[in-house]
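S.K.: sequence-free structure coming up:
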């Protein structure tokens, strides 16, 4: 009930305000879609939509590939495996803002790597170090996402590898299958459900993330959550219903994308005979 009131209740309130019911701000235009129409007619809004998808999708897929490789390495026996299993989990318990601080200290113009490049004569001054932060390509944002989320996806995939065991893989190798055939026909199909779940969680967080793109983003264009906050924080209270419309659009786009992805995956399972 507490979760229902906090999250669902807040979302319902956001919907009402986006439709013109906000008497606390002196706005009583219910029922109106003017705020949604205003968003749709703003070219900057569509840039924000594209940027939000870009920041959510790219690190999700890149992180999934790296996590898969790490999980396959961790499941094998090697020296210092206990240490590796401990170290890769550390970012999971560290807040995102700590990751933001680390990225700024390491990759900002004047940061650690800029000074190292200058010391080795690669750049004439730390200020000439390639700009990685607060740019529209979002490299700094994605570095924080990957630093934090790769351990999570690795843990999910590694745990599934430990549960399913290696009997089928060893049987296939004994029957003459190559390492490539074992991976694509046995290991990967068993990991896909866990990978899809982990990627969905990571995508949903990235899509709605505020603090990382707010600090490391270019300022303009903004992601949808940052744009919603800037509208809500405006001294002009009449912009707050527009902020709520942005919030509702953000949630709906995220849900629609995840639903489409799950439906596509279920269709793929049925087509391949695994559903």
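M.R.: Good, I have the coordinates. Everything numeric here is computed off the predicted structure, so don't read it as measured data. Residues are numbered from 1 along each chain as shown.

S.K.: what segments of the stretch 101-250 of the chain are helices?
M.R.: Counting by DSSP state H, counting those that start in this stretch, the stretch 101-250 of the chain has helices at residues 112-119, 139-164, 167-174, 179-182, 188-208, 211-216, 224-232, 240-272.

S.K.: now distance to residue 33 too, for those helices, in a markdown table please.
M.R.: For the C-beta atoms, the positions are set from N, CA and C on the backbone; glycine is no exception. Formatted as a markdown table, the helices of the stretch 101-250 of the chain follow (distance: least, C-beta to C-beta, whole Å):
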| stretch | distance to residue 33 |
| --- | --- |
| helix 112-119 | 49 |
| helix 139-164 | 32 |
| helix 167-174 | 54 |
| helix 179-182 | 54 |
| helix 188-208 | 23 |
| helix 211-216 | 28 |
| helix 224-232 | 17 |
| helix 240-272 | 9 |
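
S.K.: which of those has the lowest mean pLDDT?
M.R.: For these, mean pLDDT drops lowest on helix 167-174, to a mean of 80.

S.K.: I would like the residues contacting that one, please.
M.R.: For helix 167-174, contacts defined as C-beta atoms under 8 Å, 6 or more residues apart in numbering pick out 179, 181-182, 185-187, 190.

S.K.: hmm, 7 Å instead?
M.R.: Applying C-beta atoms under 7 Å, 6 or more residues apart in numbering, the set of residues contacting helix 167-174 from outside is 182, 186-187.

S.K.: out of these, which comes closest to residue 25?
M.R.: For the contacts of helix 167-174, the residue nearest residue 25 by C-beta to C-beta is residue 187; the value is 55.5 Å.

S.K.: any idea how far the closest one lies from residue 269?
M.R.: Using C-beta to C-beta, to the nearest Å, we find residue 187 at a distance of 17 Å from residue 269.

S.K.: who has more neighbours out of those two?
M.R.: Higher neighbour count among residue 187 and residue 269: residue 187, with 21 against 14, using other C-beta atoms under 10 Å.

S.K.: residues near the residue lying closest to that one once chain neighbours are set aside, how many?
M.R.: Nearest residue to residue 187, sequence neighbours excluded (C-beta to C-beta, 6 or more residues apart in numbering): residue 169, at 6.2 Å. Residues lying near residue 169 (other C-beta under 10 Å) number 19.

S.K.: repeat for residue 29
M.R.: Neighbours around residue 29, by other C-beta under 10 Å: 12.

S.K.: any idea how far residue 195 is from residue 69?
M.R.: Residue 195 is 12 Å from residue 69, by C-beta to C-beta.

S.K.: cool, residue 91 as well?
M.R.: 17 Å.

S.K.: okay, the two: which has more neighbours?
M.R.: Ranked by neighbour count (other C-beta under 10 Å), residue 91 and residue 69 place residue 91 first, with 20 against 13.

S.K.: ok, now how distant is the more buried one from residue 154?
M.R.: For residue 91, the distance to residue 154 - C-beta to C-beta - is 10 Å.

S.K.: try residue 226
M.R.: 29 Å.

S.K.: what is the mean pLDDT for stretch 57-77?
M.R.: Stretch 57-77 carries an average pLDDT of 93.

S.K.: now do the buried residues in it.
M.R.: Neighbour counts over stretch 57-77 (16 or more other C-beta atoms under 10 Å) mark 58-60, 63-64, 67-68, 70-72, 74 as buried.
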